[in-house]
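Asker: Have a look at this prediction, sequence included:
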Amino acid sequence: MRVLIASEPGRPDRDNEDFAAAAPGLLLVVDGAGSPAGLESGCVHSVAWYALNLGGLLLAAATDKRLGLGEALAVSIERVNAMHAATCDLRHPGSPSATVALARVHDERLEHLVLSDSVLVLDRPDQGPAVITDGRLAEVVARLDEPDRPSPVDSDEHARFLRSRVEQLASYRNRPGGFWVASTKPEAASEALTGSTPLVDLDAVALLSDGASRLADRFALMTWPDLLAILRKGGPDELIARTREAESTDPDGARWPRGKASDDATAVYWAVQD
């Protein structure tokens, strides 16, 4: 099993809040949900700390094939809670959180789990790609009262807008009718999208943080088959390089409104039939 992984922070002077790993028969991406400066979280730890620890514990838990992927995620959330319950307010709505994409080989099938807006792409030669992501966060964002003309990325006005958005989203997070992420509630794992596919029906699988999927799903510069072709020929490093090139043409977010000019970008790719 030859797996290719690349991960790069959105800015070199900031921590990478993504986590990626692979083990025999396992692939994982955890995308920590960064918050604007100045917002309280009730936690002494960073988002990068949360993503790293959740990712490591989830990778370990998912190796136990007696556990379903949702069970493994719930157990991992509980274990991270135990690591910082004594120092942090786990009831705080701003507690660190993350999205998850997880895949596991079991009984000649590829099982998958996706929680929130990380992306898993199944490269199926006979049917075209299957793109799996949870759209509930996007649905909530679409309901918020937001400006018709976004302010330039990194401006003071944009920073105020981001703080307001995060504060509004807190009332929808991990609640029915809202959206679900990995944070302090193990029951969020039961809201993840799950399924399985016979390995013989797959050419490859890709797991992407939303910073690595944006050429297809946010910028619409390519199709999902195009994105898979980049991964197949150039690997995750090439995908991230092309993403950075596109972002550099729109540093203020005028063409593609977004929270950050460049987000942390992580891609994991496994060519199943190699």
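Answerer: Cool, the structure landed.

Asker: give me the low-pLDDT residue ranges for the protein?
Answerer: 145-149 (pLDDT under 70).

Asker: center of it, which residue is that?
Answerer: The centroid of the chain falls nearest to S118 when counting by C-alpha atoms, centre = their mean (3.2 Å).

Asker: list the buried ones in stretch 226-245?
Answerer: 227-228, 230-232, 236, 239-240, 242-243 (16 or more other C-beta atoms under 10 Å). (Glycine included, C-beta is placed from N, CA and C.)

Asker: Need these in a markdown table (columns: distance to E8 and secondary structure).
Answerer: Output for the buried residues of stretch 226-245, formatted as a markdown table (distance: C-beta to C-beta, whole Å; DSSP: H, G, I helix; E, B strand; the rest coil):
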| residue | distance to E8 | secondary structure |
| --- | --- | --- |
| L227 | 17 | helix |
| L228 | 20 | helix |
| I230 | 15 | helix |
| L231 | 15 | helix |
| R232 | 20 | helix |
| P236 | 9 | helix |
| L239 | 10 | helix |
| I240 | 5 | helix |
| R242 | 12 | helix |
| T243 | 9 | helix |
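
Asker: Now the two most distant members of those residues.
Answerer: Greatest spatial distance among the buried residues of stretch 226-245 (C-beta to C-beta): R232 and T243, at 16.5 Å.

Asker: Please enumerate the helices of this structure.
Answerer: Shown for the chain, the helices assigned by DSSP state H span residues 47-62, 69-84, 136-143, 156-170, 210-217, 224-248.

Asker: In this structure T99 contacts D210, no?
Answerer: Yes. T99 lies in contact with D210 (C-beta atoms under 8 Å); the separation is 7.5 Å.

Asker: what is in contact with the two at once?
Answerer: 31, 117-118 (C-beta atoms under 8 Å, 6 or more residues apart in numbering).

Asker: Just put these in JSON lines and tack on distance to P176.
Answerer: Shown next, in JSON lines, are those (distance: C-beta to C-beta, whole Å):
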{"residue": "D31", "distance to P176": "23"}
{"residue": "D117", "distance to P176": "18"}
{"residue": "S118", "distance to P176": "21"}
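
Asker: closest to G70 among these?
Answerer: S118 (15.0 Å).

Asker: Kindly provide the distance from the closest one to D264.
Answerer: 12 Å (C-beta to C-beta, to the nearest Å).

Asker: go on, P36?
Answerer: 15 Å.

Asker: biggest strand in this structure, by residue count?
Answerer: Longest strand in the chain by number of residues (criterion: DSSP state E): strand 98-106.

Asker: Which strands and helices lie in contact with that strand?
Answerer: strand 26-32, helix 47-62, helix 69-84, strand 109-115, strand 119-123, strand 204-208 (3 or more C-beta pairs under 8 Å, 6 or more residues apart in numbering; DSSP states H and E).

Asker: related to what we said a few turns ago, neighbour-wise, which of P36 and D264 wins?
Answerer: Just comparing P36 and D264: by other C-beta atoms under 10 Å the higher neighbour count belongs to D264, 27 against 16.

Asker: How about the contacts made by the more buried one?
Answerer: 7-10, 16-18, 31-32, 34, 209, 211.

Asker: Now for the nearest residue to it once chain neighbours are set aside, how many residues are close by?
Answerer: Once flanking residues are discounted, D264 sits nearest to D18: 4.5 Å by C-beta to C-beta, 6 or more residues apart in numbering. Neighbours of D18 under the rule other C-beta under 10 Å: 31.
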